[in-house]
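Novice: kindly return the folded structure for what I paste below:
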Amino acid sequence: MGHSLEDAYIVIALSAVCIAYLYFRYRERQRRLEVLHQERMAAMDKGIPLPELPLERLKPPPDPRTPLLHGIVWLAFGIGGVGALAAIGPVANMPALWPFALPLVFLGAGLILYYVLASRTRI
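Specialist: Numbering: from 1, shown residues only. Purely as a prediction, here's the structure:
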């Protein structure tokens, strides 16, 4: 099944819309930073205490459970992939494909192990 020229036009149009959105969002952020900079410079000239920049606000610390959550998801994907490939292989007369999903299992197990070891060092 081939692609037509109209399909290419659609992809190009959608790509252009995405790029334009990102560009205008970037320009708006730049404009806001310029206005904040001008306000801060005017305040410094008048000797007024500087207003706080939104970029200077402290961000909350990252969630320490993130590696555990990612590990559980990757482990589940890996086990599901191993099970699906093990079930499909004999039906389709194909060689054993189930080992191809093992890296996902190991990635999930590694993230869970990292969480366990990192949480022990924090105690």
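
Novice: ok, Val73 - how many residues close by?
Specialist: Neighbours of Val73 under the rule other C-beta atoms under 10 Å: 14. C-beta here means a position set from N, CA and C on the backbone, and glycine is covered the same way.

Novice: check contacts around the nearest residue to it once chain neighbours are set aside.
Specialist: Nearest residue to Val73 in three dimensions, chain neighbours excluded: Gly108, at 7.2 Å (C-beta to C-beta, 6 or more residues apart in numbering). Gly108 is in contact with His70, Gly71, Ile72, Val73, Trp74, Leu75, Ala76, Phe77, Gly78, counting by C-beta atoms under 8 Å, 6 or more residues apart in numbering.

Novice: how far does the helix or strand harbouring Gly108 sit from the chain's center?
Specialist: Using DSSP states H and E, Gly108 maps to helix 102-122. Helix 102-122 sits 19 Å away from the centroid of its parent chain (C-alpha atoms, centre = their mean, to the nearest Å).
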